[in-house]
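1. Kindly generate the corresponding structure for this input.
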Amino acid sequence: MAKQQLPGEVVHATRVCADNKFRLKPDHWLTRLFAFLVFFFAQKFGMEMHAGVLMANHYHLYFTDWTALRDKFLGSLNATLSRWTKRERGITGHFWNQYRDNDFPVLDKRRSEQTIVYIVTNPVRAGIVKDYRDYDGWILGPCHWGKKIEVLRPPKVLRRIGIPSLTVTVSPPSVFGGEELEVVRRRLEGQIQAEQARIDREFTRERVAQGIPIEEAGDWATGTRYVRSLPSEYSPVQQTKGKRKRVDFASADPVIRDFAKSRKREFDRRYEAGKAELKAGGTPMFPPGTIGYQRAGIATEPVTDPWYPPNLPRFSALALERMAGFTGQHEAKSRNTRPRQPRTIDSWLFLSEVQSRLEASKVRLSHIWSHRTPRLRDG
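-> Below you'll find the model as predicted:
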């Protein structure tokens, strides 16, 4: 089934290394590279970052997609990150796990808070630090909201773009519209501290059960230095076999969840009907958010409010202002927003000529190969 991408969605994206190997060990160079690539491609494709973390074998990002181009954003980020990391660390083979990539919209405020808490407490849950602020790798959380962050480009990386650094201001997602920034930050910091305390008690209880004295059981954090000392091919767990079920959305509100399910069924039905009509030679109108056909020049319906969950302040005045700013910036700077030109008769003749020459070359090669291949004698 196709995946729908609508502008203004708040998205949780994650990607895991192949075989869960520690190919993203957060040393100084990789932390700097990842931070620069995230904010560089976010500005290029119109994404607004809210939270994220870079772990040794995966990453999490939480952002608002104002232009419905998150597939290009994530594709550019993953390709560039894997290429430069392979070159720097001498890694060969597949870099990413093909079964463990996912990005999906988060549809309500409560699930948004749970997602942010889950992302920033990843280093604590992995046993590296006790407080996410002590993590030496790249992490973005509520403590950074409302502040300007300067991101430096690593030396000898992407020199042709001519940008030595980026200055960005991190803000909370639009689902918290109408609330003061300090109130939202204080509430989320309290939830993060409660989750960190729960993880601390759980680790301490496990160590006491293993026979470690109670005085030493609370000292369970290994630190980032230990993670950096492990080889890049180290894998803590086995790779998950088989393809995981794709997550289409996340919501803690049953009303919004039921609405999203019905919307997904309607989107799939209209998408399959449009694909069948297109295959039969017709001119269908695909539902909004059908990005692949939209970029190919095939008509899609405009995005309207009924496609978004109810009772959600997604398009407040601030959200509309951000969307207009990001969309205008992307249309001015990106070269990929130009509509694809239909092929003319000359181009089709050229392609047919190339295809005929390729077929002729295949015939000649097969003829030469048959003459050069020794034949077995009869008898």
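2. Flag the shaky bits of the stretch 51-200 of the chain, pLDDT-wise.
-> Applying pLDDT under 70 to the stretch 51-200 of the chain flags the ranges 99-101.
3. Going by residue numbers, what spans are helices in it?
-> 70-89, 109-120, 122-125, 181-209 (DSSP state H, counting those that start in this stretch).
4. how about those helices, which one is nearest residue 166?
-> helix 70-89 (14.2 Å; C-beta to C-beta). Any C-beta I mention is one placed from the backbone N, CA and C, and that applies to glycine too.
5. Quick one: the helices of the stretch 51-200 of the chain as a markdown table, columns for mean neighbour count too.
-> Converted to a markdown table, the helices of the stretch 51-200 of the chain look like this (neighbours: other C-beta atoms under 10 Å):
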| stretch | mean neighbour count |
| --- | --- |
| helix 70-89 | 18 |
| helix 109-120 | 21 |
| helix 122-125 | 21 |
| helix 181-209 | 15 |
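6. Turn those helices into TSV, including distance to residue 13.
-> Converted to TSV, these look like this (distance: least, C-beta to C-beta, whole Å):
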stretch	distance to residue 13
helix 70-89	6
helix 109-120	10
helix 122-125	14
helix 181-209	20
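7. Compare the ones you listed and give me the one nearest residue 141.
-> With C-beta to C-beta, the closest approach to residue 141 among those belongs to helix 109-120: 4.0 Å.
8. CA atoms only for that closest one, dumped as CSV, please.
-> Provided in CSV are the C-alpha atoms of helix 109-120 (Å, rounded to 0.1, in the frame of the first residue of the first chain):
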residue,chain,number,x,y,z
LYS,A,109,-0.7,15.9,22.2
ARG,A,110,-0.5,13.1,24.7
ARG,A,111,1.2,10.7,22.2
SER,A,112,3.6,13.6,21.2
GLU,A,113,4.7,14.0,24.8
GLN,A,114,5.2,10.2,25.1
THR,A,115,7.3,10.2,21.9
ILE,A,116,9.5,13.1,23.1
VAL,A,117,10.1,11.4,26.5
TYR,A,118,10.9,8.1,24.8
ILE,A,119,13.4,9.7,22.4
VAL,A,120,15.4,11.7,24.8
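9. For that helix, give me every contacting residue.
-> Residues outside helix 109-120 that contact it (C-beta atoms under 8 Å, 6 or more residues apart in numbering) are 10, 12, 50-53, 60, 62, 106, 132, 139-142, 173, 175-176, 187-188, 191-192, 195, 250-253.
10. still on that earlier bit, how about the helices of the stretch 51-200 of the chain, which one is nearest residue 246?
-> Evaluated over those, closeness to residue 246 peaks at helix 70-89, with 13.4 Å, by C-beta to C-beta.
11. sorry, back to before: pull out the buried residues from the contacts of helix 109-120.
-> For the contacts of helix 109-120, a neighbour count by 16 or more other C-beta atoms under 10 Å gives the buried set as 10, 12, 50-53, 60, 62, 106, 132, 139-142, 173, 175-176, 188, 192, 195, 250-253.
12. and the residues you listed, which of them are in strands?
-> Here DSSP state E is the test, and those give 10, 12, 50, 51, 52, 53, 60, 62, 139, 140 as lying in strands.
13. quick check, nearest of the residues you listed to residue 263?
-> residue 10 (16.0 Å).
14. what separates the closest one from residue 152, distance-wise?
-> Taking C-beta to C-beta, to the nearest Å as the measure, residue 10 falls 28 Å from residue 152.
15. cool, and residue 30?
-> 13 Å.
16. Tell me which of those two has more neighbours.
-> Neighbours per residue, other C-beta atoms under 10 Å: of residue 30 and residue 152, the larger number sits with residue 30, 23 against 11.
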